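1. structure of the sequence below:
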Amino acid sequence: MAEVNRLVREYSEGQLNLHVADVATPMLEGREEPDPAQFVADGLHLSPHGYDIWTEVVGQAIARIFE
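-> Numbers count the residues shown, from 1 in each chain. Next up is the predicted model:
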């Protein structure tokens, strides 16, 4: 996952209309795996806590784009 994220980030740097919002780093908070509380029981879909993280990260990314 980290390698794919790195490649996407590098590729996007050369593209005018492509932007990357890093949701992985805040979801990991220095751990190897995300906190299970960020997901509902299926372990795949986000819980309200997980969506809170995404909302903040994506919101900040959008704000930077339109500065």
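2. state the distance from the most centrally placed residue in the chain to Phe39.
-> Geometric centre of the chain, nearest residue: Val23, 1.4 Å, by CA atoms, centre = their mean. The gap separating Val23 from Phe39 is 13 Å, by CB to CB, to the nearest Å. C-beta here means a position set from N, CA and C on the backbone, and glycine is covered the same way.
3. quick one, what contacts Trp54?
-> Applying CB atoms under 8 Å, 6 or more residues apart in numbering, one finds that Trp54 lies in contact with Val23, Leu46.
4. that one should be in a helix, yeah?
-> Yes - under DSSP: H, G, I helix; E, B strand; the rest coil, Trp54 falls within a helix.
5. what about it, distance to Glu10?
-> 22 Å.
6. Glu3 too?
-> Counting by CB to CB - Glu3 and Glu10 are separated by 11 Å.
7. when the two are compared, which one has more neighbours?
-> Shown here are Glu3 and Glu10; by other CB atoms under 10 Å, Glu10 has more neighbours (10 against 7).
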